[in-house]
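In: Output the structure for:
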Amino acid sequence: MSESPTSIVAAAFRYYRAQDRDAVTALYADDFSFTSPQDDHIGEAAFFERCLSTAGRPREQRLPHVTPADGELVLAGPTDADMRRRF
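Out: Below is the predicted model of the structure:
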């Protein structure tokens, strides 16, 4: 039985927070892209360069809401980084 998209996202989120690049990479699709207020559809290499090193910086980070949309998953949720800004 295959895992649900939400459970895969939850596992990827845990691995990201633990900075386990090998484990999280195994879960990403070949056409993975990431968008945030600071990043516009960046690929996996740019995501790891920009984001993985800061995974431990937020004081609080909860698993975002996961919404399927046109064969993709959209994640939305707050984070509160040391910079004291929320997005």
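In: Next one: Asp22 from Leu73, what distance?
Out: Plainly put, Asp22 is 21 Å away from Leu73 if you go by Cβ to Cβ, to the nearest Å. The C-beta positions use only the backbone N, C-alpha and C, and glycine is treated the same way.
In: the more surrounded of the two?
Out: For Asp22 against Leu73, the residue with the higher neighbour count under other Cβ atoms under 10 Å is Leu73, and the figures read 14 against 7.
In: Contacts only, for that one.
Out: Leu73 makes contact with 5, 9, 66-67, according to Cβ atoms under 8 Å, 6 or more residues apart in numbering.
In: what does Ala23 give?
Out: Counting by Cβ under 8 Å, 6+ apart, Ala23 makes contact with 11, 15.
In: Equivalent analysis for the one 4 residues further on, please.
Out: Applying Cβ under 8 Å, 6+ apart to Leu27 gives the contacts 8, 11-12, 15.
In: 6 Å - rerun?
Out: For Leu27, the contacting residues are 8, 12, by Cβ atoms under 6 Å, 6 or more residues apart in numbering.
In: which residues in the protein form helices?
Out: Using DSSP state H, the helices of the chain run over residues 5-17, 21-27, 44-51.
In: Look up how far Val24 lies from Thr6.
Out: Applying Cβ to Cβ, the value for Thr6 to Val24 is 16 Å.
In: more neighbours, those two?
Out: Between Thr6 and Val24, Val24 has the larger neighbour count (other Cβ under 10 Å), namely 23 against 14.
In: Show me which of the contacts of Leu73 are buried.
Out: Of the members of the contacts of Leu73, the ones counted as buried by neighbours, 16 or more other Cβ atoms under 10 Å, are 9, 66.
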